[in-house]
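Participant: turn this into a structure:
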Amino acid sequence: MVNPLTEDVMRLLMPRISRILDTAAVGMPSAHQFQAYRKVVLDEFGNQSFLPELEALVQQHGMDRNGRAKTAGKEMPR
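Facilitator: Okay, here's the model as predicted:
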């Protein structure tokens, strides 16, 4: 299960990646070049690279998998 914050970031990111790939498809002289470029982009921003790094970063900054701060509900010492 992926953190809701991670899902929100990916939901914002994927349409932008799609537009970048659409633009690249028009500008690449051959289909082979575009397919190679597409693979690199999706590898970098997908499940193999960016997503695990983003999930680790969200967890590092104290968010649990439900999107709540790990300190939620704990009282501050006086």
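
Participant: mind listing residues that contact stretch 15-24?
Facilitator: Contact partners of stretch 15-24, identified using C-beta atoms under 8 Å, 6 or more residues apart in numbering, comprise 34, 37, 38, 41, 42, 45. In this view, the C-beta of every residue, glycine as well, is placed from N, C-alpha and C.

Participant: hmm, 7 Å instead?
Facilitator: Here stretch 15-24 makes contact (C-beta atoms under 7 Å, 6 or more residues apart in numbering) with 34, 37, 38, 41, 45.

Participant: list the buried residues for it?
Facilitator: The neighbour-count check on stretch 15-24 (16 or more other C-beta atoms under 10 Å) flags residue 17 as buried.

Participant: could I get the average pLDDT for that stretch?
Facilitator: In this model, stretch 15-24 carries a mean pLDDT of 96.

Participant: also stretch 39-52?
Facilitator: pLDDT averaged over stretch 39-52 gives 92.
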